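Novice: sequence below, structure please.
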Amino acid sequence: MTVPLVMDLVLARQMISGCGVEFANWQVVSSAKAAVSAAAGLDGPVALKSAAPDVVHKSDSGCVVLGVAGDEAVEKAYAEVTARATAAGSATPEQVLVETMNPGLAEVIIGLKRDETFGAVVLVGLGGIFTEVLEDFVLRLCPVTEPEALGMFKELRGFSALAGARGKPHCDLDALARVTVSISRLGNDRDDILELDLNPVMAMEQGALAVDARVILNGRKKHGAHQA
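Specialist: Sure thing, here's the model as predicted:
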């Protein structure tokens, strides 16, 4: 029996980036000094998030601090994130991701699930911290084409939030579709991926940026993974 493993955050992002998915600028650090240096090299306010693989629900654990600007604020945010990761029982609370803030028009989730019967299934839905509350998502067998991916988004109950409701700009649906296609191909090509979540993906007026990623492997291969 294989044991599910959480893929190392850096390796997971590198793998997903290699499929053509774009992330907001980011760096993983392990000290307050390094966090300050990383933030100084990024444009505008940053987000600090726990990069520990054993902190699953970062927002619920208080391990995410947004809109941080200035050296003192970064040091304080680093201390808060690591303290909360420690309180959550993390074995590596010092690992923190520093990432550029990129507010989009909407937040979506794009992910994979591996079903014992049907194999890899790609998922799209309204994302962010309310994903589990809204439960607005659509599933398809991997892989999907761009027209199929676009159709998935159009099936969402909240599609109007992406399509420019109430005079707001339209999200770049083609960019979201391309990310979905890339992730679906990854699910088709990598049978060791048990689960993958990009949540949220920031839907922009032009383009789409992933700002969080979590990959769980089935344990058959060890690509910098940790036990879940």
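
Novice: tell me where the protein has helices.
Specialist: 9-17, 32-40, 71-87, 131-134, 146-154, 173-189 (DSSP state H).

Novice: now the fifth one and helix 173-189, what's the angle there?
Specialist: Direction vectors for helix 146-154 and helix 173-189, defined by axes from the mean of the first three to the mean of the last three Cα atoms, to 10 degrees, enclose an angle of 110 degrees.

Novice: got the contact list for the most centrally placed residue in the chain?
Specialist: The geometric centre of the chain, computed from its C-alpha atoms, lies nearest to Asp212 (Cα atoms, centre = their mean), at 2.4 Å. Listed by Cβ atoms under 8 Å, 6 or more residues apart in numbering, the contact set of Asp212 reads 49, 58, 197-200. C-beta here means a position set from N, CA and C on the backbone, and glycine is covered the same way.

Novice: quick one, which of the helices of the chain is nearest to Val98?
Specialist: helix 32-40 (4.1 Å; Cβ to Cβ).

Novice: what does that closest one rub up against?
Specialist: So helix 32-40 is in contact with 27, 29, 46, 48, 68, 71, 74-75, 77-79, 96, 98, going by Cβ under 8 Å, 6+ apart.

Novice: and those residues, which of them are buried?
Specialist: 27, 29, 46, 48, 68, 74-75, 77-78, 96, 98 (16 or more other Cβ atoms under 10 Å).

Novice: ok, for Leu156, nearest residue in space, not its chain neighbours?
Specialist: Setting aside the residues directly before and after it, Leu156 is nearest to Asp136 in space (Cβ to Cβ, 6 or more residues apart in numbering), at 5.4 Å.

Novice: ok, now Ala120?
Specialist: Here the residue nearest Ala120, using Cβ to Cβ, 6+ apart, is Gly187, at 3.4 Å.

Novice: and for Val108, the neighbour number?
Specialist: Using other Cβ atoms under 10 Å, Val108 has 30 other residues around it.
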